[in-house]
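Undergrad: Below are the sequence and a predicted model for it; my questions follow.
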Amino acid sequence: MLRGISLALAGAAAIIGLVFPFLAATQATALNQSIILVMLLGISGAFAYGVGFRVQNKWLATFTHPAFTWPLITAGALSLALLR
């Protein structure tokens with residue numbers, strides 16, 4: 001269940017970022033780029049979790065868990081929405 005949600009969330013965020021980049025930022029400022037970087041970290045972790053990639057290292061496994069990736073994606077999207 002969580003894998004499907006992670007894959008759908010990452011896919012939706014990636015498609016929106018690729019198809020509608022002007023939604024993310026109208027100007028390339030340092031703040032916008034750092035927020036986008038945080039979102040991309042969450043998107044890549046959610047993709048890895050969604051396709052079933054299993055990290056052997058317990059410390060690194062936290063970076064692909066939904067408890068870590070979903071807040072990164074939603075916080076980045078909300079930050080970009082509030083900056084507009």
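TA: Yes, it's here.
Undergrad: can we go C-alpha only for contacts and neighbour counts from here?
TA: OK.
Undergrad: Alpha carbons of stretch 29-38, as PDB, please.
TA: C-alpha atoms of stretch 29-38 as PDB (Å, rounded to 0.1, in the frame of the first residue of the first chain):
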ATOM      1  CA  THR A  29      16.500  32.400  -7.000                       C
ATOM      2  CA  ALA A  30      18.700  30.600  -4.500                       C
ATOM      3  CA  LEU A  31      15.700  30.000  -2.200                       C
ATOM      4  CA  ASN A  32      13.600  28.400  -5.000                       C
ATOM      5  CA  GLN A  33      16.500  26.200  -6.000                       C
ATOM      6  CA  SER A  34      17.100  25.000  -2.500                       C
ATOM      7  CA  ILE A  35      13.400  24.200  -2.100                       C
ATOM      8  CA  ILE A  36      13.400  22.300  -5.400                       C
ATOM      9  CA  LEU A  37      16.500  20.400  -4.300                       C
ATOM     10  CA  VAL A  38      14.700  19.300  -1.100                       C
END
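Undergrad: average pLDDT across it?
TA: For stretch 29-38, mean pLDDT rounds to 83.
Undergrad: List the buried residues in that stretch.
TA: 32, 35-36, 38 (16 or more other Cα atoms under 10 Å).
Undergrad: Mind checking what helix or strand follows the longest helix along the chain in sequence?
TA: Longest helix in the chain, counting residues (DSSP state H): helix 30-50. Downstream of helix 30-50, the next assigned helix or strand under DSSP states H and E is helix 58-61.
Undergrad: Now for this structure, the helix or strand with the poorest mean pLDDT.
TA: Lowest by mean pLDDT, DSSP states H and E among the helices and strands of the chain is helix 21-24, with a mean of 67.
Undergrad: The residue lying farthest from the centre of the chain and Leu9: what is the separation?
TA: The C-alpha centroid of the chain is most remote from Gln56, which lies 21.7 Å away (Cα atoms, centre = their mean). Gln56 is 24 Å from Leu9, where distance means Cα to Cα, to the nearest Å.
Undergrad: Looking at stretch 62-74 now, give me its mean pLDDT.
TA: For stretch 62-74, the mean pLDDT works out to 95.
Undergrad: buried stuff in that stretch?
TA: In terms of neighbour count (16+ other Cα under 10 Å), stretch 62-74 has its buried residues at 63-66, 68-70, 72-73.
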